[in-house]
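In: Can you look at this prediction? I've put the sequence above it.
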Amino acid sequence: MKSFVLRNRTLIQSSAGLLVIFVAAILLSPTDLRTDEVLFLKADNLTNMLRVSAPVAIIALGMTLVILTGGIDLSVGSTLAFCSVVAALGLSEWNLGIFAAILLAILAGGAVGLLNGSLIAWLKVQPFVITLASMIGVRGLTRWLSNNQNIQLRTAGEVAVRFFEFFSQKTVMIGLFVLLAAVFALLLSGTVFGRYVRALGDNAKASVYAGLPIKRVQIAVYTLTGLLAGLAGVLTCARTTTGNPNDGIAAELDVIAVVVIGGTSLAGGRGSIVGTVIGALIIAILVNILGLRNVGANEQLMLKAVIIVVAVVMQHQRTSS
Amino acid sequence: MTDTSTTSEKGPQPILRARNVGKSFGGVHALRDVSIDVYAGEVHAIVGENGAGKSTFGKILGGAIPADSGSFELDGRTVTICNPIDAQQLGITIIFQELDLFPNLSVAENIAIRNLAYSDRLLVNRKRMAEFCLPMLKRVGLDVDPGTMLGDLHLGHQQLVAIARALSMNARVIVFDESTSSLSDEFVENLFQVIDLLRSEGIACIFISHKMEELFRISDRVTVLRDGEYVGSRPASELPQDELIGMMVGRKVSEQTRAESHAAGEVLFECTGLRTRRLHDISFTLHRGEVMGLAGLIGAGRGELGKALFGLTRIVGGQMSLESRPYLPRSPRHAIELGVGLVPRDRKTEGLMMQMSVRDNTTLASLSDLNALGLIRQREESTVVERVGTQTRLRASGAHAEVSSLSGGNQQKVLLGRWLLVEPKVYFFDDPTRGVDIGAKHDIYDLIEQQAARGKGVLFVSSELPELLRCCDRILVLNQGKQVALLQSDATSAEEILRYATSQASQAVAS
């Protein structure tokens, strides 16, 4: 029992943080004047909260693997916009079917990730630099592709309408996230690949000596993250009924914040998918309750900053004690 | 030992006296009760085999690591040395083998930065800095522009900058820690001239080395350490080389004999004329069941040979073959595939994933055996980890214990367990007993012998000669990247091995 607590102290701490913020949200939430209901706890509010945060949370699953290997991926925000635009163009201008458009958009994200991973693995350049470059380049590509225009789906015909009506459903968005979280949790804890991801981030040099397929692991984690960013782009496109080339600016930082709050160490080797899910929930609740209390967007940013620092300081004290 | 400083024939008092200095790392004694006197204007060599404690002693003097016990006197006054600043203030400086300088700063900045004798703290004044440095550079005979980037200088010249820096802080005792090991002959000679000069200026030089010729060339007095203990001090002129080697090796050696040999006639691995950037013309054959020791000083090329066998360094010439097929590994991964395993020297940086569990570390290199469509067969994994743990006599709180919580010996056993599971045909153990306690050492010997008994070929690097004599069929001695001897371990002695390993005229013949 004691060793279980020790081994999972990061998770236990994150869960406690989630509980605290959940209770705080209930206490701080405004109530319905007529029915005396707590607005925060209304099903409609909770599901809407999850739906809004799903794209960032989905990308964070892949980012967890990237960060576990000791890397970082700054390109996910641009990739999200890229794939959103590809999906919108596919439906409105290229006259692809729903399935083909979605597939194309997700694969486009995967291609960005594959490029990131390959450059990092073969050129041995720091992930920060490579993905910074692709963050800039992919944003440019997206604007070029869309002529810097929003691509509207509402006017694009029946296929497009069916697309966004399906994907913007709360059950679809939340269901996809839950499913993917389960898959990634299994991937990390139960598979050979997951073991390699952790090992690489824990000690890259020893991974060489142990004969691990380092390049393949690196390419795989960035490709997975790219695919997830592609899916997040599709979901964003559906929810907003728009392919917006300026979507997802600074989304990579929200994603990284979620992962870090979830207890994954930026130094690599330590972290979990469950932690990332908790991190995503913490941020989602925070944004939601502040919105309910009509706190302005600027104040929200400042509070987010505080939460990030507090979470990481608490982690740091844990690992050093 | 009673006080001898009052006897006046020794001349003045020792400038520095170390009394009963002790230091242990994780329960292993690196130094025990070492007392040494150092006089002004002498070059005092401290010698011993790898791991004898000489570098530990140097680092304690320089304040890089604190002593556990003992005391120091400087000019008869008791002083404490807890950190490098203390040492600097007392006028003691250590010139590290890997210089603690900043390659991207200028020579002048390197000398002036964090220098207690240099007053400018806030603003950089290049001219004043240069004026401050030039006299010191002149003293060590280094004629460079103080504005030169340090990294652009030859290593030998960088070392002179380190000495100039020491002089600028009015150093009275300078410790040279293996300072010649990475220098070519002309720079060694250059360094010795500077040391001669320092001696004539009354500075005490402590020269840590294990190269015989150098010791006798430069030092006035020699102190021998062995297994962390003080063996004796003698004037260099009254100490024949054979006697010095005897002091370094000790007597206990010859008693330990080789266990049963498992070497069979069949050749398993062969290496002909192997050359890399640091190895010259290495040739040997390894038979099934044979344990071959690799002896040599640090930097002699033992680790480099491991890297060559494991695809970690470029092979420039020569051939290798494994089971009569050509063997040329492109990477460790490829080497493992072909049947060679290497247990690296530094288990913390090259071996283990310190934040991962015993289980994860043990099976890491053999997960393909537990793979079912990408998933790990967990139950089988637990069984395997359990079995290997028993085999290596691992003591851990459980398979889920983080390896960082284990003792050095048990960490090493986890790493060995990983390689037992890989089942290579040839093992390269790079100093597997370094920093482990005596019980774990014997467990490791047993493991090596078991593997030999199963028909594996074993290459075994060790810095402890008794260990090599005990475990190996034959011992290959390397010296400066060359193969200087291939000895039958039942027909040789630690003295002979050490003579080959330390001789600088390395044209000795391989048998």
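Out: Looks like it came in fine.

In: residues from chain A in reach of chain B?
Out: Residues of chain A that fall close to chain B, judged by CB under 8 Å from any CB of the partner chain: A:3, A:7, A:190-193, A:195-196, A:198-199, A:202-203, A:205-213, A:269-270. C-beta: built from backbone N, CA, C; applies to glycine.

In: Does A:A280 touch A:A257 like I think?
Out: No. With contact defined as CB atoms under 8 Å, A:A280 and A:A257 do not form a contacting pair (9.8 Å).

In: More neighbours: these two, which one.
Out: When A:A280 and A:A257 are compared for neighbours, A:A280 comes out ahead with 28 against 22, by other CB atoms under 10 Å in any protein chain shown.

In: Okay, and the more buried one sits in which element?
Out: Here A:A280 sits within helix A:273-292, counting by DSSP states H and E.

In: quick one: low-confidence parts of the stretch 251-400 of chain B?
Out: B:251-259 (pLDDT under 70).

In: Name the residues of it found near chain A, please.
Out: Within the stretch 251-400 of chain B, the positions lying close to chain A (CB under 8 Å from any CB) are B:310, B:312, B:331-333, B:335-337, B:342, B:344, B:349-356, B:360, B:364-365, B:367-368, B:370-371, B:374-376, B:378, B:397-398, B:400.

In: Could you turn the buried ones of those into a PyMOL selection?
Out: What follows is the PyMOL syntax selecting those of these that are buried according to 16 or more other CB atoms under 10 Å in any protein chain shown:
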select buried, chain B and resi 310+312+332+333+335+336+342+344+350+351+352+353+354+355+356+360+364+365+367+370+376
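
In: what about A:G296, neighbour count?
Out: Each residue near A:G296 was counted by other CB under 10 Å, and the total is 10.

In: Give me the distance between it and A:L290.
Out: From A:G296 across to A:L290, the span is 9 Å (CB to CB, to the nearest Å).

In: Okay, buried residues for the strand or helix carrying A:T142 please.
Out: Secondary structure from DSSP H and E places A:T142 in helix A:127-145. Within helix A:127-145, the residues that qualify as buried by neighbour count (16+ other CB under 10 Å) are A:127, A:130-132, A:134-135, A:138-139, A:141-143.

In: what's in contact with the helix or strand that it is followed by?
Out: For helix A:127-145, the succeeding helix or strand toward the C-terminus, using DSSP H and E, is strand A:151-152. Judged by CB atoms under 8 Å, 6 or more residues apart in numbering or on different chains, the contacts made with strand A:151-152 from elsewhere in the structure are A:85, A:88-89, A:92-93, A:241-244.

In: Render the CA-only coordinates of stretch A:87-95 in CSV, please.
Out: Included here for stretch A:87-95 are C-alpha records, laid out as CSV according to Å, rounded to 0.1, in the frame of the first residue of the first chain:
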residue,chain,number,x,y,z
ALA,A,87,-11.3,19.4,-44.1
ALA,A,88,-13.3,22.5,-45.0
LEU,A,89,-11.8,22.8,-48.4
GLY,A,90,-12.3,19.0,-49.0
LEU,A,91,-16.0,19.4,-48.2
SER,A,92,-16.7,22.7,-49.9
GLU,A,93,-14.4,23.1,-52.8
TRP,A,94,-12.9,19.7,-53.6
ASN,A,95,-16.2,17.9,-53.3
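
In: Narrow the residues of chain A next to chain B to those in helices?
Out: Residues from the residues of chain A next to chain B lying in helices, with DSSP state H as the criterion: A:3, A:7, A:190, A:192-193, A:195-196, A:198-199, A:202, A:205-209.

In: Just list the residues touching the residue of chain A positioned farthest from its centre, thanks.
Out: When each C-alpha in chain A is compared with the mean C-alpha position (CA atoms, centre = their mean), A:R34 comes out farthest, at 37.6 Å. Taking CB under 8 Å, 6+ apart as the contact definition, A:R34 lies against nothing.

In: That one: which element?
Out: With DSSP H and E as the criterion, A:R34 is inside neither a helix nor a strand.

In: Show the backbone phi and psi for it.
Out: In terms of degrees, to the nearest 10, the main-chain angles of A:R34 are phi -80, psi -50.

In: can you tell me how far it sits from A:D44?
Out: In this view, A:R34 and A:D44 are 16 Å apart by CB to CB.

In: could you list every residue that touches the residue of the stretch 351-500 of chain B found nearest chain A?
Out: Closest approach between the stretch 351-500 of chain B and chain A, counting by CB to the nearest CB: B:M353, at 3.8 Å. Contacts here follow CB under 8 Å, 6+ apart; on that basis B:M353 touches A:198-199, A:202-203, A:206-207, A:269, B:360-361, B:364, B:403.

In: Can you find the helix or strand in chain A with the smallest mean pLDDT?
Out: helix A:2-7 (a mean of 60; mean pLDDT, DSSP states H and E).

In: packing partners for the helix or strand just after that one?
Out: Tracing the chain C-terminally past helix A:2-7 and defining elements by DSSP H and E, one meets helix A:9-28 next. Of the remaining helices and strands, those touching helix A:9-28 by 3 or more CB pairs under 8 Å, 6 or more residues apart in numbering or on different chains; DSSP states H and E are helix A:273-292, helix A:297-320.

In: Quickly, which of those bottoms out on average pLDDT?
Out: Taking each of these in turn, the lowest mean pLDDT turns up on helix A:297-320, with a mean of 78.
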